[in-house]
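Colleague: predicted model, plus sequence, below.
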Amino acid sequence: MKSYLKFAPWFFVALFASEIIAVMVPKKDGEYHVREFGRLPVLLNGRVQPFDSVAHNTLLQIRSTGDVPLEEVPSWQFWHHPKKLKSTEWLLEVMTRPEDADNRPIFLIHHSELLGELKLQDKGVEKSGLRYYTFKQLEPVLSVIEEQGKKAEDVKEETRTTFQKQVVKLSNAVMLYRRLKYTLQPEDAENWSAEVAQFQKDLIPARKAAQSGQGDEKENRELIEKLALPLRHFQAMAMLGYPLTVPPATPDAPKDSWQNLGTALLEGARADEMPTPVKNLIAIGVAYADKNATAFNQSIADYKGWLQSNFPKAVEKGRAEFYYNDIKAFLHAMIIYICAFVLSGFALVTLQMLPGVSEALRRSAFYLIILAGIVHTFGLVFRMVLEGRPPVTNLYSSAIFIGWGAMLLGLLLERIYKLGIGNIVASLAGFVTLLIAHNLALGGDTMEMLRAVLDTNFWLATHVVVVTLGYASTFVAGLLAIVYIFIGLLTPLLAQKVTARSEGAKTMTTVKSGKSSSAPQGVEVGKALGKMVYGIVCFATLFSFVGTVLGGIWADQSWGRFWGWDPKENGALLIVIWNAIILHARWGGLVRERGLMCLAVFGNIVTSFSWFGVNMLGIGLHSYGFMDAAFKWLMMFVISQGVIIGLGLIPLHFWSSFRSKLSSPAEPTGTPDPAAA
């Protein structure tokens, strides 16, 4: 049995590594070169990005998912993967086949009062307690949605009710969807290509007739009237078109020279000649609308060739970001983290009963976390290259970076102590922070242009990174403290000495009853956790303090003052002060192991407030990450930490780890007096 157990870690690593390799291998297009279309660059939110990013981010804003299911499968059939419409395919449908797109259930409405107001209770598709509606189902109540949305928008954002927030979100989703319809062609165009061609044909004679004032007046009027419908379409596209799809005439032109297709058509009409990108984009849209795969693929190839000659950097940026979106590195890292967490839990449970199995599971979890960390690091670095920025630029990227830092700290602890606890910390922190990042991404583009307060690479690479590492380490200390409390309450493990897990373990001499004997080196789990938390808090204090000072220097250079009692500044200072309180309480003997753990858990509350809470205030120079939707989750987290602190204060005779030893005075445990804790 033992001979087989040593292969378990490699089995798990090979299983997940093969999946990662399969994900990262470039995939081929089908009949329609939709993936090639998804790589084409556009300008949106102040940055060049591929069509695929536009599709993915807008679908997240509208539906809160990155794709559209084509079949409904019960939630309990988790092994069945339903067919899905990828985001780029969905975008192409919206832009060129609105009659199909309007029947896709993409609008998420889950507020009962809003459903009652719109009389939609018995319509839509229900999935996991959420309801999704098609544009066709919403059409009869669009005026109501628009009216209610305008009323809600007149109310200050921080004072809106839940109903008002939901109606604003739905109103914005409907508007965004309607704007997408005018990206490549007008929604009501019957033969768009022929209409544009006829417009170009009629434009020159109509202009000559208008300038000369000669010719038959009726014929001149008819010529001008022929231009009226196309011009209305061009103007509608110029006003409503969402992404800027047409690049400027010269590669060295500024970014704000990009245009949407409607504006480019109007300018082309004035110049009597349509630019090449306009012709290519029209051809792409018409070919997909007509279900002509050959023409669609050829039009994409022609446009890609033109872009490659004139805008090679934009093409490369589009391809790179498409690949980043396609591999979903953080999603796969999150899956590996949760699997490693499960293995870590089983390793801890079987620690005393089946030490051989426990060690195999611990090593399996350790190697899986390393694999997840590699994928996590790959995604983090790839994102940095795409943005041309250090790793932390907004709340989304801070969640990714905090998880990455916590994962490294957990691996370091596991490498030193080999108890399986570092694995639990690394895997759980990695999973939870990436889950938070996933939910933060539902607001749309996570790589949008930086606010002016952040737009300095040097300080992003110093102050923001250092202070974020302080956040990460404070959370790690709190997580270790939670592990201490639950293990102590529920298991006898905390007060036991566990044999060291290294194969070549050194020996130590134990003295009992006057006799000496040689035994494998061991470590008491509770004391090991105490050392871990103490060391991490020292690390957190240093990084939080240095990061806060660097932030003050940045503020002095940017705003002319070192400190202004801004809410975000106060939050960072609170973390420094709280970590210093923990260290001084421990140095002064005011708390021992349990007290240290309870203080570390409260550090989670302080850090979460500094990270998210101050942004919810919506005031101050740092209020660039307002997240009112997260308030409920923040309060639930704070309450949960308060409950855990309460559990940590339960008298020791209720703790499984100390119950038997406290009742046996002949065997002193060396554990702290409950009153002193």
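Modeller: Arrived safely, thanks for sending.
Colleague: from now on I want contacts and neighbour counts done on CA atoms only, so please keep to that.
Modeller: Will do.
Colleague: what sits up against whatever helix or strand residue 596 lives in?
Modeller: Secondary structure from DSSP states H and E places residue 596 in helix 593-608. Helix 593-608 is contacted from outside by 471, 474-475, 477-479, 481-482, 484-485, 527, 530, 533, 571, 574-575, 578-579, 582, 586, 634, 637-638, 641-642, 644-645, 648-649, 672, 677, using Cα atoms under 8 Å, 6 or more residues apart in numbering.
Colleague: try 6 Å this time
Modeller: With Cα atoms under 6 Å, 6 or more residues apart in numbering as the contact definition, helix 593-608 has outside contacts at 475, 478, 481, 530, 638, 645, 677.
Colleague: who are the contact partners of the third one?
Modeller: For residue 481, the residues meeting the contact criterion (Cα under 6 Å, 6+ apart) are residue 597.
Colleague: again, only this time at 7 Å
Modeller: By Cα atoms under 7 Å, 6 or more residues apart in numbering, the contact set of residue 481 is 533, 597, 600-601.
Colleague: and if you look at the fourth one?
Modeller: Residue 530 sits next to residue 593 when contact means Cα under 7 Å, 6+ apart.
Colleague: can you give me the angle the strand or helix carrying it makes with helix 593-608?
Modeller: Under the criterion of DSSP H and E, residue 530 resides in helix 525-559. For helix 525-559 and helix 593-608, the angle between their directions (axes from the mean of the first three to the mean of the last three Cα atoms, to 10 degrees) works out to 30 degrees.
Colleague: centre of the chain to helix 525-559, how far?
Modeller: For helix 525-559, the separation from the chain centroid amounts to 25 Å (computed by Cα atoms, centre = their mean, to the nearest Å).
Colleague: what residue ranges in the stretch 401-550 of the chain are flagged as low confidence?
Modeller: Segments of the stretch 401-550 of the chain classed as low confidence (criterion: pLDDT under 70) are 450-457, 499-522.
Colleague: show residues contacting stretch 406-424.
Modeller: Counting contacts by Cα under 7 Å, 6+ apart, the residues outside stretch 406-424 that touch it are 341, 344, 347-348, 362, 365-366, 425-427, 429-430, 472-473, 476, 501.
Colleague: just the ones of those in helices?
Modeller: With helices taken from DSSP state H, the overlap with those comprises 341, 344, 347-348, 362, 365-366, 425-427, 429-430, 472-473, 476.
Colleague: which of the contacts of stretch 406-424 lies closest to residue 243?
Modeller: Compare each of the contacts of stretch 406-424 with residue 243 using Cα to Cα and the shortest gap goes to residue 430, at 34.1 Å.
Colleague: list the buried ones in stretch 119-139?
Modeller: Within stretch 119-139, the residues scored as buried using 16 or more other Cα atoms under 10 Å are 120, 124, 131-135, 137-138.
Colleague: and of the contacts of stretch 406-424, the nearest to residue 539?
Modeller: For those, the minimum distance to residue 539 (Cα to Cα) is 6.9 Å, reached by residue 473.
Colleague: what about the closest one, how many neighbours?
Modeller: Burial of residue 473, expressed as a neighbour count using other Cα atoms under 10 Å, amounts to 30.
Colleague: what's near enough to touch it?
Modeller: With contact set as Cα under 7 Å, 6+ apart, residue 473 has these partners: 406, 536, 539-540.
Colleague: max pairwise distance over these: which two?
Modeller: Looking at those by Cα to Cα, the two members farthest from one another are 406 and 539, with 12.1 Å of separation.
Colleague: ok, those two, which is more surrounded?
Modeller: Under the criterion of other Cα under 10 Å, the comparison of residue 406 against residue 539 puts residue 406 first, with 27 against 17.
Colleague: quick check: the gap between the more buried one and residue 377.
Modeller: Between residue 406 and residue 377 the computed distance is 12 Å (Cα to Cα, to the nearest Å).
Colleague: okay, domains of this protein per the record?
Modeller: Domain segmentation of the chain under automatic domain parsing yields 31-75+82-327, 328-442+452-503+522-660.
Colleague: highest mean neighbour count out of those domains?
Modeller: Stretch with highest mean neighbour count among these: domain 328-442+452-503+522-660 (a mean of 20; mean count of other Cα atoms under 10 Å).
Colleague: centre of the chain to that domain, how far?
Modeller: Taking the mean of its C-alpha atoms, domain 328-442+452-503+522-660 sits 18 Å from the chain's own mean (Cα atoms, centre = their mean).
Colleague: shift numbering so it begins at 35
Modeller: OK, 35 is where the count begins now, so the last one is domain 362-476+486-537+556-694.
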